[in-house]
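Chemist: Got a predicted structure here, sequence first:
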Amino acid sequence: MEGIGCSRLRDFRRFMAAAAAITVVVGLSGVTAFLDPADFLALQAIRKGLRDMPGSDFLSAWDFTADPCTFPGVFCAGDHVVALALGDPRASAPGLEGRLDPALGRLSALVELSLVPGRVTGPIPDALSGCSELRFLALSKNLLSGSVPASLGGLSRLRTLDLSYNQLSGSFPASFVSSPKLSNLILCHNQLSGSIPPFPASSPLLRLDLKHNQLSGPVPPLPPSLRHLSLGSNALTGRVDAVLLRLIRLNFLDLSSNFLEGPIPGAVFGFPLAALHLQRNAFSGPVVPPQDDVAIPVVDLSYNRLWGTVPLQLAAVGRLYLNNNRFTGEVPSRLLQGLSNGMQLLYLQHNFLTRIEIGPATAALPVGASLCLQYNCMVPPLDTPCPLKAGSQRVRPLDQCPEWQG
């Protein structure tokens, strides 16, 4: 009997030692919580890789003598961590520094992972591909470097990937184009280079934001599901008319500051856009919206090679930038009347416009409205303030205005 008692005692001690890694007493209530051993050890490794920036005390509460499921930013379901929000989410709160440990990939039930703005450096762990349940991954506004792991494109449940405002380099992973659930892909303000691969028409993508990178080559075929497309401030080339005609659901389009050329398809002005940014490219040809009234709040076509007459269909636009192009002829009176009917800004400077008709309704601009007409082939009939970058010359030289010479 004595031997049996000692054996049972040894078994009990072994059980308690094994349970110590996953059993924690919560407060004074005597309630016991169990966390999967792999998740417990992963959280310890993640904690060792990160530090609070000065002024932050987010990680000070990560005391592993307590239940990890009560730690700030840790959310559990059953015995697994399902969401991890690293850093104090309050606006302007100091973030974290350090590195992301590959142990993140051992959180097998993780659905959401986010990191607040801070100074976390180093690569994005390729081991995150082990989080097969991951649906939301946001690591923006840190100092992450290296390439974007192509393995992230293999996460079959991933819906949102936001790695913006980091120092990521290398190519755009082709694996993302076939990700079955990915609807929001935000990689802007990095150092990605190379071309953008074509997306299949069946892609569920709603938002693609790649602005402020070093991407080159043509704008590829994109899925008609897109609502938000932002490719500004890259080095993209070629025509976009065929690509854009498929994107009839867009509510935001930014292709500014590239080397795009060819005509702007008139159909774009009929899309349900809140903003159209095509400035600082090499677009050419006339602007011919198919409908009578374009009601897009912001249209910026400045710094291109557009020519022909100024389109009167744009009179209902809220802020209209047509400056630094090659428009000729008369400024439509309907456009000027727009300034009295809700238009806030009309920039026509640095074109080759020759005439403008000022009527009683347009002789005085409404308070808050902006109009700039300088450096055309006419003396501006209205003395209105222009932006400083418009320069100080009010009129083009005579030899640049053939109609005047006649």
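Modeler: That came through fine.
Chemist: Would you tell me what helix or strand residue 43 is located in?
Modeler: helix 37-49 (DSSP states H and E).
Chemist: elements contacting that helix?
Modeler: Judged by 3 or more CB pairs under 8 Å, 6 or more residues apart in numbering; DSSP states H and E, helix 37-49 is in contact with strand 80-86. (C-beta placed from N, C-alpha, C; glycine too.)
Chemist: Quick one: distance of the strand it packs on to the chain centre.
Modeler: How far strand 80-86 lies from its chain's middle: 24 Å, per CA atoms, centre = their mean, to the nearest Å.
Chemist: May I see the buried residues of it?
Modeler: 80, 81, 82, 83, 84, 85, 86 (16 or more other CB atoms under 10 Å).
Chemist: from the chain's centre, how far out does the helix holding residue 43 sit?
Modeler: Worked out by CA atoms, centre = their mean, helix 37-49 lies 31 Å from the chain centre.
Chemist: what mean pLDDT would you report for it?
Modeler: Helix 37-49 shows a mean pLDDT of 97.
Chemist: That one vs strand 80-86, what angle?
Modeler: Taking axes from the mean of the first three to the mean of the last three CA atoms, to 10 degrees, helix 37-49 and strand 80-86 form an angle of 10 degrees between their directions.
Chemist: what element comes up after helix 37-49 heading to the C-terminus?
Modeler: Taking DSSP H and E as the definition, the helix or strand right after helix 37-49 is strand 50-52.
Chemist: Which neighbouring elements make contact with that next one?
Modeler: Using 3+ CB pairs under 8 Å, 6+ apart: strand 50-52 touches strand 96-99.
Chemist: The stretch 251-400 of the chain: helices as residue ranges?
Modeler: 333-338 (DSSP state H, counting those that start in this stretch).
Chemist: if we can go back for a sec, okay, the buried residues of strand 80-86 in TSV with pLDDT next?
Modeler: Shown next, in TSV, are the buried residues of strand 80-86 (pLDDT from 0 to 100):
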residue	pLDDT
80	97
81	98
82	98
83	98
84	98
85	97
86	97
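Chemist: Tell me the buried residues in the helix holding residue 43?
Modeler: In helix 37-49, counting by 16+ other CB under 10 Å, buried: 39, 40, 42, 43, 46, 47, 49.
Chemist: Ok, stretch 340-352 next?
Modeler: So, applying 16+ other CB under 10 Å, buried residues of stretch 340-352: 343, 344, 345, 346, 347, 348, 349, 350, 351, 352.
Chemist: bridging residues for the fifth one?
Modeler: The one in question is residue 347. Per DSSP bridges, the residues bridged to residue 347 are residue 321, residue 372.
Chemist: so it sits right up against residue 372, yeah?
Modeler: Yes: Residue 347 lies in contact with residue 372 (CB atoms under 8 Å); the separation is 4.9 Å.
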